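>>> Based on what follows, work out the 3D shape:
(one chain, ligands or ions: 2)
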Amino acid sequence: LNNSRLSLSEFEHGILKADRMVLAKAITLVESSRADDIALATALMDKISVSAGNSIRIGVTGVPGVGKSTFIEAFGELIIREGKKIAVLTVDPSSQLTKGSILGDKTRMENLSKNPNAFIRPSSSGSVLGGVTGKTREAILLCEAAGFNVIIVETVGVGQSEVAVRNMVDFFLLLMLAGAGDELQGIKKGIMEMADAVVITKADGDNTKRAREAQAEYQHALHLFPVKVSGWNPPVMISSAYEKSGIHEIWNKILQYEAKIKSTGFFDHQRQQQNQVWFLDYFQQLLNADFQNNETLKKITESLSKLVGTSELSAFKAAHDLMKAYHQQIKDR
Ligand SMILES: Nc1nc2c(ncn2[C@@H]2O[C@H](COP(=O)(O)OP(=O)(O)OP(=O)(O)O)[C@@H](O)[C@H]2O)c(=O)[nH]1
Ligand SMILES: [Mg+2]
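Ligands and ions are numbered 1, 2, ... in the order given. Below you'll find the predicted structure:
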């Protein structure tokens, strides 16, 4: 199985049978930029789409070291005991440059990764295409088709990746540290506004009192934000992944949220909107790839760029010339 390429139906049936090896290979396939892989991946995504969607998608973010991985491990163990199957996908915007903390993440979720009802997969943003989140959306659908009904997307809170992740989940959880300075620890107001819940982590030992104080503070801060379109009031909770406290309460809140937005229709509405965003995003990627894979256009781009560099041509005119060349290439196909 390892070296042979799977056929479309082998992929499809393996995924529907919840074969984790096939699932892992399918995610690798959708991440590939080889032309024949893209064709197969497209056919596969089309096939499995009808079996996807049956899950709650939860985004987890927070500054490095806030305790995301440790929390997800404790959270995952709890909800597996409740009979769920959990997939954890990590989006690491730094991994393109530094290969990120992917290995660290795996070892930190050691227990969870051994559990047959869990699937942990760092997403590779190694390719130029797909932006910070790579093929995370495809991975979500593949995991759902394989029967994982709780999907966690972990991303590190350094900026650009949060908005992308917010646009692919139903519920967005922001983890925060107590007493790390009240300047919202570099977490921008915009990110707090996106949160459906805030959790103060590491509420154990000496830190418990500070965690409670931070809880009150942030709850107050959240009250000042405009009412959410979902009609949901984001709570601030405290938790210790070490003592496994507060985890159950967080899961109950998520269930409460899910019930509420399903009854109002916001759940479906949000997913439909996200699909529309995805469609346009993906089309942008295809356009970029179409352009970048053309050798003639590459050469024209280089020579125009030189002329712009020496001020022989304005950037504006050069861009329009390049567009004309692109249209010509399409005609000549
Ligand atoms: N006291 C205490 N420490 C914790 C708790 N959870 C995590 N930590 C510690 O905090 C550090 C960071 O935890 P991680 O779970 O790796 O944090 P992270 O947010 O995933 O970090 P990155 O993946 O690097 O962004 C580790 O040393 C953990 O042992 C907790 O509940 N209580
Ligand atoms: Mg982590």
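>>> what sits against the closest residue to residue 110 other than its chain neighbours?
Spatially, and ignoring its direct neighbours in sequence, residue 110 is nearest to residue 73 (7.8 Å; CB to CB, 6 or more residues apart in numbering). In short, each C-beta sits where N, CA and C put it, glycine included. Contacts of residue 73 were listed using CB atoms under 8 Å, 6 or more residues apart in numbering, and they are 108-112, 241.
>>> quick one: residue 73 is in a helix?
Yes: Residue 73 sits within a helix when classified using DSSP: H, G, I helix; E, B strand; the rest coil.
>>> State the distance from it to ligand 2.
10 Å (CB to the ion, to the nearest Å).
>>> Residue 53 now?
Distance from residue 53 to ligand 2, by CB to the ion: 27 Å.
>>> any idea how far that residue is from residue 235?
26 Å (CB to CB, to the nearest Å).
>>> Looking at those two, which has the bigger crowd around it?
The neighbour count for residue 53 versus residue 235, taken as other CB atoms under 10 Å, is higher for residue 235 (19 against 14).
>>> what residues are up against the more buried one?
197-198, 219, 253.
>>> Sort out for me which of those are in strands.
Here DSSP state E is the test, and these give 197-198 as lying in strands.
>>> Widest-spaced pair of the contacts of residue 235?
219 and 253 (13.4 Å; CB to CB).
>>> Who has more neighbours out of the two?
Neighbours per residue, other CB under 10 Å: of residue 219 and residue 253, the larger number sits with residue 253, 19 against 15.
>>> Make sure that one is actually in contact with residue 237.
Yes: Residue 253 is within contact range of residue 237, at 7.0 Å (criterion: CB atoms under 8 Å).
>>> Please enumerate the shared neighbours of these two.
By CB under 8 Å, 6+ apart, residue 253 and residue 237 have these common neighbours: residue 197.
>>> What sits closest to residue 25 if chain neighbours are left out?
Distances taken as CB to CB, 6+ apart put residue 6 closest to residue 25, at 6.4 Å, once the chain neighbours are dropped.
>>> Quick one: neighbours of that neighbour, just the number.
18.
>>> One more: the one 10 residues further on?
Other residues within reach of residue 16 by the criterion other CB under 10 Å amount to 15.
>>> What pLDDT is listed against it?
Per-residue pLDDT puts residue 16 at 96.
>>> ok, now which ones touch it?
Contacts of residue 16 by CB under 8 Å, 6+ apart are 48, 51, 145-146.
>>> Mind checking which of these are in helices?
Judged by DSSP state H, helices contain the following of the contacts of residue 16: 48, 145.
>>> If we check ligand 2, which of the contacts of residue 16 are in contact?
Among these, no residue sits close to ligand 2 (CB under 5 Å from the ion).
>>> so which of the contacts of residue 16 comes closest to residue 81?
Of the contacts of residue 16, the one sitting nearest to residue 81 (CB to CB) turns out to be residue 146, at 20.2 Å.
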